[in-house]
Structure formats: structure tokens, C-alpha cells
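[1] Structure for this input, please:
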Amino acid sequence: MTSVPAIDAERPVVGMVHLGPLPGAPKYDGDFAAVREAALRDARRLAAGGVDAILVENFGDAPFYPDDVPDHVVASMTRVAADLRDEVDLPMGINVLRNDAAAALSIAAAVDAAFVRVNVHVGARVTDQGVVEGRAHETVRLRERLGADVSIFADLDVKHSAALAERPLDAEAVAEPVERGLAEGIVVSGAGTGHEVAADHLGAAAAARDEAGLDAPILVGSGTTTENVADLLDAADGVIVGTALKEGGETTNPVSAERVERLVAAADEAR
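    Residues are numbered from 1 along each chain as shown. A predicted model of the protein is given here:
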């Protein structure tokens, strides 16, 4: 297995902190304090349940901007992330939907987060926001200018998207985000939020990574459950979990402390 940079744990479980609608979003109800408190509650439950890191995401902001989010989104996420940083002693990641890597990296640098997730780091994907293009050339140069010790975890075929043109999942395709985009990790997901990754797809990604001779971890980005986490950790180097840790298994519900404990216990048996 390949170690995951920025997270000091063997085959880590990363728990999602899905932020509610932020100021300016269509579903924002005017109560920012409630958004902040919900995030703190979920982070506390994730930490108490034993996850190895958390990943903060503006999940409630649909419909998402394709790339550059407004300044007020950056400000709101920075405020909440800073509060989480003070509250929970875990490595933190930032993901700014749909694909604002510069904002995610800037927030991470400001709050001393350890990593960012970038949905489209290299290449281009067809999404419900239109064609989203990777900006690795800008993201990595911004990281250098900021002097930020922040790892980039790049999606391979991000959920809720399709390829512009079919290409094989081979060593070259898996190497591009790492060798040409200078990402430190690869994220492999199912078709949508909470959708399980097909075992053959995950296996092919891992085999292509090994064929390319890459020292980059593969993390599962969706569909991890208590029932399948052991199998996934046999093939991958870590998992990012959201829906399965929520009350009733509903993505928009609060984190369930009991569900976190059960999934982490199942992961521990495999590690």
C-alpha cells in the first residue's frame, strides 16, 4: 500500500463535512450561525468516531459555479474552516465545488489545511455545469507562490461527469494528474454522490498506477459503506466517506456518531 501524504494514518478514513447552503446560494436561509454550528457538530462526531481526517465541502451551494466561485463563498468557507481547525485536531482538506481549485488552495493555505480535492485537475469533463477544464498549470503555480504545504488529491473520472472522448484507463491516463499535473494523490469515484465504485474500475486504476511506477495513493471518493470498506481498503490506499456516515444514510442529514464508529471499526479490521 502507498501512504497518503498529509494524513498520518495507514489507509485513512476521511470523513466529509458537507456545509449547508452558504450566503448567496439559492437555498441559504439567512442563518449563517446555524451553518457554522452544523459543521462543528458534524466535525466533532467524525473526530469522536475515529476518522483520520476531514474534508470540508460547500455541498449545499447547488447549483454550483463551474469554476470561479464569488469572493463571499471563499470568505464563508474560510470562516467555517478556521473554526473547524480550532475545534478538531485532525488533518483537514478543502473542496470548493464545482472546480475552484484556486479558492480551495487559498482557503487551505489560510487555515493551515493539509490537502485539497480537485474534481478536474487535468483534462476536461462534461458536467451539469457544462464543460469543466482542469487548471493544473494555475493551481500548482499558485501553491508555489503561496508557499503552501498543501497536497493535491485529483479525481481521475470525477462523479457527476462524463469524458469528452473515450480513452482507456491505462498507465498514461492515471499518470497524467501526477506526472504532468503534479498532484500527490488520485481519487476514484462512482457515477454520483454515494455511488459505489465498481470493483473492476478501482482495480484497473490501481493496476495502471502500479504499471506507471507511481508513488501516489489512490483514494475511493464515493460509495464507501460499513459493509464494503474492508474490500475497498484491500484495493485502495484510503477512502473518503460522506453519505454512509449520515443519519439514515441520507447525504443531507447530520453525521451519525454511531455510523462513524461502526464504519471506522470495520476499516480497522482491514488495516
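[2] Got the confidence number for residue 47?
    Looking at residue 47, its pLDDT reads 98.
[3] what about it, is that helix, strand or coil?
    Put simply, residue 47 is helix when judged by DSSP: H, G, I helix; E, B strand; the rest coil.
[4] residue contacts, it?
    54, 88-90 (Cβ atoms under 8 Å, 6 or more residues apart in numbering). From N, CA and C alone the C-beta is placed, and that goes for glycine too.
[5] and if we set it to 7 Å?
    Neighbouring residues of residue 47 by Cβ atoms under 7 Å, 6 or more residues apart in numbering: 88, 90.
[6] I'd like the distance between it and residue 264.
    Residue 47 sits 11 Å away from residue 264, going by Cβ to Cβ, to the nearest Å.
[7] Let me see the ranges of the helices in the stretch 101-250 of the chain.
    For the stretch 101-250 of the chain, the helices defined by DSSP state H, counting those that start in this stretch cover 101-111, 136-146, 171-175, 199-211, 229-235.
[8] does residue 208 really touch residue 167, like I thought?
    No: using Cβ atoms under 7 Å, residue 208 makes no contact with residue 167, being 11.7 Å away.
[9] between these two, who's got more neighbours?
    Neighbours were counted for residue 208 and for residue 167 using other Cβ atoms under 10 Å; residue 208 has more, 21 against 10.
[10] Quick check: closest non-adjacent residue to that one.
    Counting by Cβ to Cβ, 6 or more residues apart in numbering, residue 208 lies nearest to residue 174, which is 4.1 Å off, once chain neighbours are set aside.
[11] Any figure for the gap between the one you found and residue 201?
    When residue 174 is compared with residue 201 (using Cβ to Cβ), they lie 12 Å apart.
[12] more neighbours, those two?
    Neighbours were counted for residue 174 and for residue 201 using other Cβ under 10 Å; residue 174 has more, 25 against 15.
[13] Run through the residues that contact that one.
    Contacts of residue 174 (Cβ under 7 Å, 6+ apart): 156, 186, 205, 208-209, 212.
[14] swap the cut-off to 10 Å and go again
    156, 186, 188, 204-212, 214, 216, 218 (Cβ atoms under 10 Å, 6 or more residues apart in numbering).
[15] Contacts only, for residue 247.
    253-259.
[16] before we move on, the earlier item: of the helices of the stretch 101-250 of the chain, which stretch is the most buried?
    Counting by mean count of other Cβ atoms under 10 Å, helix 101-111 has the highest mean neighbour count of those, with a mean of 24.
[17] what angle sits between that one and helix 136-146?
    20 degrees (axes from the mean of the first three to the mean of the last three Cα atoms, to 10 degrees).
[18] Low-confidence bits of the chain, can you list those?
    192, 194 (pLDDT under 70).
[19] Recalculate using a threshold of 90.
    Regions of the chain meeting the criterion pLDDT under 90 cover residues 1-2, 125-130, 157-170, 173, 189-201.
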